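[1] below is the sequence, then the predicted model.
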Amino acid sequence: MAGNSFGQIFRITTFGESHGQGVGVVVDGCPPGIEITAEEIQKELDRRKPGQSKITTPRKEADLIHILSGVFEGQTTGTPIAMIAYNQEFESDDYLNLKDLYRPSHADFTYEAKYGIRDWRGSGRASARETLARVAAGVLAKKYLKQRVNTEFISYVEQVGNIKAKTDFEKATLEQVESNIIRCPDQKTAEKMIELVEKIRSEGDSIGGIIRGMIKNVPAGLGEPVFDKLHADLGKAMLSINAVKGFEIGSGFEGSKLRGSQHNDELYIQNGRVRTKTNHAGGVVGGISNGETIYFRVAFKPVSTIKKQQKTISRKKQAVILEAAGRHDACVLPRAVPIVDAMAALVIMDHYLKHKAQNL
């Protein structure tokens, strides 16, 4: 019950710390016969890894994935899949001056309050480095769902600070998302976002924003009311990502301004299939997918570690001035895009397998 596992049938358990030996994942309940290679997983990890562009942390980690079990002759065997990426470039000495301090908006105080001890090296288990394990597991889910039901996952940076993309999200493509280092399909807006992040970085500060997530070609009928509603599990998945402070699906908070006559999605038949003329529901009604595109937004706070001086307290409850060292992102959003995709895939995969098990 330690909170390190996610999913019921397709279940992952992650392990490792930022400055420990490595970070990894055990995937249980993965169907056999999925063709997979370390290279396929590596391709997605490279989208998340540090040091990939001028606006990400300069820490250089290859995040080289090693498959330890559960894959034989290029296929999943149905047994637990264990994967690990060993840490190579970690400078724990950067954190020596922080081991007796509580950094503002970090998990230093809360981890110590919970466990009575904390790994102060690069935030330990609270580090976003743990998310590489989720991305690795998500590759398996994405491939299975793509082959079985043609489900696709496309997320992108929609907003950085007050700069917002004007893209019609339903028309966004993976190629557009990957065409620039901020991962925004609106090229002109992407340039403005990059300029803002560079400015913020030069000031020793950080900035947050919003990632738009989409899941296309989701079969109708996925979701387990009442407590395991599909959008509830998506919300939990996204809120479990480091730095996430908000989640909304469909019309979200804007929908609260509408009347029922404006918000209701009218039903009709298209080629024998039930469709809706609008999609204010975001593809989920009554906690169950209706076959329309699922879309949602995820709000990320500014990265907590900044180079500006900050007031805080020590473990001895003394007031001190913090001057943080280390290598950190000024804006985490570009690297968070594949994490959002992965968590969405893990949720859909788990619900798809539960649906198939219930409806043999």
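    Sure thing, it's come through.
[2] how about the helices in the protein?
    38-48, 108-115, 131-149, 174-177, 187-202, 230-239, 260-263, 333-358 (DSSP state H).
[3] mind checking which of the ones you listed is nearest Met214?
    helix 333-358 (8.7 Å; CB to CB). In this view, the C-beta of every residue, glycine as well, is placed from N, C-alpha and C.
[4] could I get the buried residue list for the closest one?
    Using 16 or more other CB atoms under 10 Å as the burial criterion, the residues of helix 333-358 that qualify are 333-355.
[5] how much space between the closest residue to Thr278 other than its chain neighbours and Ala141?
    Leaving out its chain neighbours, the residue that sits closest to Thr278 by CB to CB, 6 or more residues apart in numbering is Asp265, at 4.9 Å. Using CB to CB, to the nearest Å, Asp265 is found at 27 Å from Ala141.
[6] ok, the two, which is more surrounded?
    Ala141 (29 against 18; other CB atoms under 10 Å).
[7] any idea how far that one is from Arg212?
    For Ala141, the distance to Arg212 - CB to CB - is 20 Å.
[8] ok, now Leu239?
    16 Å.
[9] okay, those two: which has more neighbours?
    More crowded of Leu239 and Arg212, by other CB under 10 Å: Arg212, with 22 against 14.
[10] tell me the contacts of the residue lying closest to that one once chain neighbours are set aside?
    If you skip the residues right next to it in sequence, Arg212 has Glu158 as its closest partner in space, 4.0 Å away by CB to CB, 6+ apart. Residues counted as contacts of Glu158 (CB atoms under 8 Å, 6 or more residues apart in numbering) are Lys164, Ala165, Thr167, Phe169, Cys184, Gly209, Ile210, Ile211, Arg212, Arg297.
[11] tell me the one among those residues nearest to Gly283.
    Phe169 (12.4 Å).
[12] pretty sure that closest one is touching Ile211, no?
    No - Phe169 sits out of contact with Ile211 when judged by CB atoms under 8 Å, with a separation of 11.0 Å.
[13] any common contacting residues for the two?
    Tyr156, Glu158.
[14] those two: which has the busier surroundings?
    Ile211 (27 against 17).
[15] ok so, going back, out of the contacts of Glu158, grab the one that's most surrounded.
    Result: Cys184 is most packed of the contacts of Glu158 (other CB under 10 Å), 33 neighbours.
[16] got phi/psi on it?
    Per-residue torsions, Cys184: phi -120, psi 130 (degrees, to the nearest 10).
[17] quick one, what contacts it?
    Tyr156, Val157, Glu158, Ala165, Thr167, Val177, Ala190, Met193 are the contacts of Cys184 under CB under 8 Å, 6+ apart.
[18] rerun at 10 Å
    156-160, 163-165, 167, 172, 176-177, 190-194, 209, 211-212, 333-334, 337 (CB atoms under 10 Å, 6 or more residues apart in numbering).
[19] same question for Phe15.
    So Phe15 contacts Asn4, Gly22, Val23, Gly24, Val25, Val26, Ala82, Ile84, Arg125, Glu130, Ala133 (CB under 10 Å, 6+ apart).
[20] run through the bridge partners of it.
    Gly24 (DSSP bridges).
[21] what about it, distance to Val332?
    Distance from Phe15 to Val332, by CB to CB: 22 Å.
[22] for Val303, same thing?
    Taking CB to CB, one finds Val303 at 5 Å from Val332.
[23] so for these two, which residue has more residues nearby?
    Under the criterion of other CB under 10 Å, the comparison of Val303 against Val332 puts Val332 first, with 25 against 22.
[24] now the closest residue to His263 other than its chain neighbours: how far from Pro185?
    For His263, ignoring the flanking residues on the chain, the nearest one in space by CB to CB, 6+ apart is His280 at 5.0 Å. Distance, His280 to Pro185, using CB to CB: 22 Å.
[25] then Gly116?
    46 Å.
[26] of those two, who's got more company?
    More crowded of Gly116 and Pro185, by other CB under 10 Å: Pro185, with 26 against 7.
[27] my read: that one touches Gln176, true?
    Yes - in this structure Pro185 lies within contact range of Gln176 using CB atoms under 10 Å: 3.6 Å.
[28] what sits in contact with each of these two?
    Ile154, Tyr156, Thr167.
[29] narrow the residues you listed to those in strands?
    Ile154, Tyr156 (DSSP state E).
[30] residue contacts, Val347?
    6-7, 10, 138, 141, 215, 222, 230-238, 294.
[31] recalculate using a threshold of 8 Å.
    Val347 neighbours (CB under 8 Å, 6+ apart): Gly7, Leu230, Asp233, Leu234, Ala237.
[32] now Lys354. Nearest residue, chain neighbours left out?
    Ile9 is the one closest to Lys354 (CB to CB, 6+ apart), at 5.6 Å.
[33] how many neighbours does that neighbour have?
    17.
[34] right, and it touches Pro31 too?
    No - Ile9 lies out of contact with Pro31 (CB under 8 Å); the separation is 9.7 Å.
[35] shared neighbours of Val303 and Val332, which are they?
    Gly208, Ala243.
[36] quick one: the spatially closest residue to Val320 that is not a sequence neighbour and Cys30, what's the gap?
    In space, and not counting its chain neighbours, Val320 is closest to Ser314: 5.3 Å by CB to CB, 6+ apart. Distance, Ser314 to Cys30, using CB to CB: 46 Å.
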